[in-house]
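Colleague: This is a predicted model, with the sequence first.
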4 protein chains.
Amino acid sequence: MPERSLARYPQAVTDWRDFSDDGLTPTLRAARGLFARNGYHATSIRAVAEAAGLSVPGLYHHHRSKQAILGALVDATMDRMLAHTRAAEADSDGTALGRFDNVLECLLRFHMLRRDDAFVASTEMRSMDDTLLLRHIAQRDEQQRMIADIIAQGVADGTFRCGHVDDGARAAASLCVAVAGWYDPTGVLTADEVVARQLDIARRIAGFPPPP
Amino acid sequence: MPERSLARYPQAVTDWRDFSDDGLTPTLRAARGLFARNGYHATSIRAVAEAAGLSVPGLYHHHRSKQAILGALVDATMDRMLAHTRAAEADSDGTALGRFDNVLECLLRFHMLRRDDAFVASTEMRSMDDTLLLRHIAQRDEQQRMIADIIAQGVADGTFRCGHVDDGARAAASLCVAVAGWYDPTGVLTADEVVARQLDIARRIAGFPPPP
Amino acid sequence: MPERSLARYPQAVTDWRDFSDDGLTPTLRAARGLFARNGYHATSIRAVAEAAGLSVPGLYHHHRSKQAILGALVDATMDRMLAHTRAAEADSDGTALGRFDNVLECLLRFHMLRRDDAFVASTEMRSMDDTLLLRHIAQRDEQQRMIADIIAQGVADGTFRCGHVDDGARAAASLCVAVAGWYDPTGVLTADEVVARQLDIARRIAGFPPPP
Amino acid sequence: MPERSLARYPQAVTDWRDFSDDGLTPTLRAARGLFARNGYHATSIRAVAEAAGLSVPGLYHHHRSKQAILGALVDATMDRMLAHTRAAEADSDGTALGRFDNVLECLLRFHMLRRDDAFVASTEMRSMDDTLLLRHIAQRDEQQRMIADIIAQGVADGTFRCGHVDDGARAAASLCVAVAGWYDPTGVLTADEVVARQLDIARRIAGFPPPP
DNA sequence: CATGAATGAGTTTTCATTCAT
DNA sequence: CATGAATGAAAACTCATTCAT
């Protein structure tokens, strides 16, 4: 049974830094690559089937429509993102800075290592039907609320200085999302170095260290 | 003759804060709206013609292809963005902070007031043919270099503290681009308030004020 | 073994007015309903399987093709129609009017009570392959010849007055067939009342009572 | 402009016996033939286009969907049928028998000479969408009411004897409709002879001449 | 510039049917 | 018989584009 359908919530995250297994079926992997490179509407179902090594009706055996493929992809992506960032937060020391660093590092790695998945999820919002879009937005907002909560803790205890917590959280999240658009795994910088640099920027967005 | 084609470089910018006139033909205005809402590939040439109040052959009288419409739109957008940010910089007091504030405020206003234009230009890169894409990237990079130069000046004279100038410039530029994705002109905050908040975040990205 | 395949000729008819048991397998019952409502070509084999509570390969276990399903349905319908009308005739007093009334009443009840079966058989002639079509036409013609013989007897002995016996037989048969298209078992008239009214019309078609 | 779209109501009928001009566009003529021979669902839009000498998109230039083609065909058919039967009635001497003979003769000729049109309209009711079906049924019912009115007049003045006027009208109309299913213009009988025989049957259905 | 007509190549989706297990 | 997977062929329909008038 090669195309096991994804459970909505993946098994427990053991290492929140590990994104080596994408957990996707061949079909979704094929769709992800094509959607990322050409866009949803510029990708034909024929091309997806071909890339997945299936005939067109074979593909429809697994997914009832092109939109359903996008849905499965986006759901898997957002589920994984939330599951990992939650694990990262749980793995922290509980301080504002500790939580912030873990969650932001996790988000950065996710957008670097699951580049195409993340790119599709953030780029194809216009291509999602209403129910999928609502689900996606809800999870995106949940992610930002998580960051906002952390910043608020830091502002309260003096770790951060940030006038508008929600704006800061959005900017920090956007910073991570943007990484999926330019990060090149074959580039000169190591992944760790990229993470360090972007995390430094994220900290400044949150107002760390606070000026005197 | 309602559809005067755009000169490649618009007339001199008299007020870099003023984006009230988009300088677009009805056709480009129609295409912009549809491309922004539905995406390039999900927009048919017929829909553009209809929204522009033209017949299909009439539309082809003005633009030789669908791609040429995207090209004209993107070119106009990037030309205007660069022209305004250059004017904003020239209008500054020449200090690093003065140049930074003017350029970033200009970029923010551009992405807020020319929302759809900016959104299409940044979203439809995958839909651009090679020559258009190169042109677009060159102008985007020029814009980022401009910011990087300013940050570098500030780092040199102690105004900013920023370990990696290029990363900072990209993050600041991305911050502005992201605004086009969420800014709602009918929202509760005034445009000036949004600009102030985002400019504050941009300054922190550049490392201002520098911690002791 | 729920899906016993039909013998070509059903067991002897004990009561020619009784159509309570259609003698169909679940598959044929499902197909009949869908063919009647949507038509043969608008009905998918998957829909038939689902309505029959079978899997698609399970359905193919019983019938070698979609066409074979139609064939089994039409054959069963025509066999039953002929068997019942023959029984009705045999049950008569042998006079022209007695034979006519019995046969026509039987035909009318058949088209009312086996509505969908009759409707499919008469409506889907265009969907039958050559051999099935020939079989169907042969049985339909046999039915009409039966009526024509009866009318001819009545014309000969003065019971009926009908210039063109074959035309009359066809018109009488068509009258019955048409009933399957409009009869509503939930309507205000009882089945017996409908039979009486239509039989009256059929008699007039045959020229009974003859004008002086 | 080869494909003039049909006005909903054809020009005034000058000779209600004349059905030589079908007033159809080449597309509708092609569709009519294929729908009549193979049925709506068994006819592909490709086949219609080919038979009409058009490419597939060329066909869609004239009709927005396959259903719209059926609609145009059925509407034209029913409009023509009603227009001619009204003209036939108006052309009568006003007596019940005169009206009846004219209207029924007209209906018979229509179903003989516009065989395929009539056959499609009566056979493809299951393939019509709701609005088209309602329109079709309304016109069919109007036709039957016309016949019922005439029979009622004849029953009132003693010309006809018919216990249930509506049943008689339906049977008479069905008789005509059935003709489209079996009439063969190349057969041995002349059209006039067929009309005469069937009209004779129709009169008997209405109860003419009344038995003493 | 509008109208009207046209088209090759493409789109997403469904069909009847088969086969291994 | 069910499940699950598969497929060639075809379905209805749309695309960007062109051309004559």
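Modeller: Received it, and whenever you're ready, just let me know what you need.
Colleague: tell me, which helix in chain A spans the most residues?
Modeller: Longest helix of chain A, by residue count under DSSP state H: helix A:130-157.
Colleague: What mean pLDDT does that helix get?
Modeller: On average, the pLDDT along helix A:130-157 is 97.
Colleague: quick one: average confidence on stretch A:183-200?
Modeller: For stretch A:183-200, mean pLDDT rounds to 97.
Colleague: tell me what the longest helix of chain A is packed against?
Modeller: helix A:66-90, helix A:96-113, helix A:165-182 (3 or more CB pairs under 8 Å, 6 or more residues apart in numbering or on different chains; DSSP states H and E). The way it works is simple: take the backbone N, C-alpha and C, and place the C-beta from them, glycine included.
Colleague: any chance of the ones you listed in TSV, with distance to B:C176 too?
Modeller: Formatted as TSV, the helices and strands packed on helix A:130-157 follow (distance: least, CB to CB, whole Å):
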stretch	distance to B:C176
helix A:66-90	24
helix A:96-113	19
helix A:165-182	11
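Colleague: picking up where we left off before, list the buried residues of the longest helix of chain A.
Modeller: Buried positions in helix A:130-157, judged by neighbour count with 16 or more other CB atoms under 10 Å in any protein chain shown: A:132-133, A:136, A:139-140, A:143-144, A:146-155.
Colleague: Take the helices and strands packed on helix A:130-157 and write them to TSV, including mean neighbour count and distance to B:V56.
Modeller: Output for these, formatted as TSV (neighbours: other CB atoms under 10 Å in any protein chain shown; distance: least, CB to CB, whole Å):
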stretch	mean neighbour count	distance to B:V56
helix A:66-90	20	27
helix A:96-113	22	41
helix A:165-182	22	35
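Colleague: closest to chain D out of those?
Modeller: For chain D, the closest of the helices and strands packed on helix A:130-157 is helix A:66-90, at 21.6 Å, according to CB to the nearest CB.
Colleague: is the closest one anywhere near chain B?
Modeller: No - with CB under 8 Å from any CB of the partner chain as the criterion, chain B is not reached by helix A:66-90; the gap is at least 12.2 Å.
Colleague: got the angle for that helix vs helix A:96-113?
Modeller: 150 degrees (axes from the mean of the first three to the mean of the last three CA atoms, to 10 degrees).
Colleague: do helix A:66-90 and DNA strand E meet at all?
Modeller: Yes - applying CB under 7 Å from any atom of the strand, one finds helix A:66-90 touching DNA strand E at A:66-67.
Colleague: Quick check: pLDDT value at the residue in chain A positioned nearest to chain B.
Modeller: Nearest to chain B in chain A, going by CB to the nearest CB, is A:H41, at a distance of 3.6 Å. Looking at A:H41, its pLDDT reads 96.
Colleague: count of residues packed around it?
Modeller: Neighbour count of A:H41, defined by other CB atoms under 10 Å in any protein chain shown: 18.
Colleague: got the phi/psi numbers for it?
Modeller: phi -70, psi -20 (degrees, to the nearest 10).
Colleague: For it, give its distance to A:L70.
Modeller: A:H41 sits 10 Å away from A:L70, taking CB to CB, to the nearest Å as the criterion.
Colleague: what touches both of those two?
Modeller: A:S127 (CB atoms under 8 Å, 6 or more residues apart in numbering or on different chains).
Colleague: Indicate the residue of chain A located nearest to DNA strand E.
Modeller: Residue of chain A nearest DNA strand E, by CB to the nearest atom of the strand: A:S44 (3.0 Å).
Colleague: tell me the contacts of that residue?
Modeller: Going by CB under 8 Å, 6+ apart, A:S44 touches no other residue.
Colleague: For it, report the pLDDT, please.
Modeller: So A:S44 comes in at 94 (pLDDT).
Colleague: And for A:A171?
Modeller: 98.
Colleague: That one contacts A:R203, correct?
Modeller: No - using CB atoms under 8 Å as the test, A:A171 is too far from A:R203 to be in contact (11.9 Å).
Colleague: Residues contacting stretch A:186-196, please?
Modeller: With CB under 8 Å, 6+ apart, stretch A:186-196 has contacts from A:105, A:108-109, A:112-113, A:179, A:183, A:185, A:197.
Colleague: Out of those residues, the closest to C:A90 would be?
Modeller: Relative to C:A90, the closest of these is A:L113; by CB to CB it sits at 84.6 Å.
Colleague: which ones are touching the closest one?
Modeller: A:19-20, A:191.
Colleague: same thing but at 6 Å, please
Modeller: A:F19 (CB atoms under 6 Å, 6 or more residues apart in numbering or on different chains).
Colleague: for A:F35, same thing?
Modeller: Here A:F35 is in contact with A:43, A:120 (CB under 6 Å, 6+ apart).
Colleague: So what does it look like in phi/psi?
Modeller: phi -60, psi -40.
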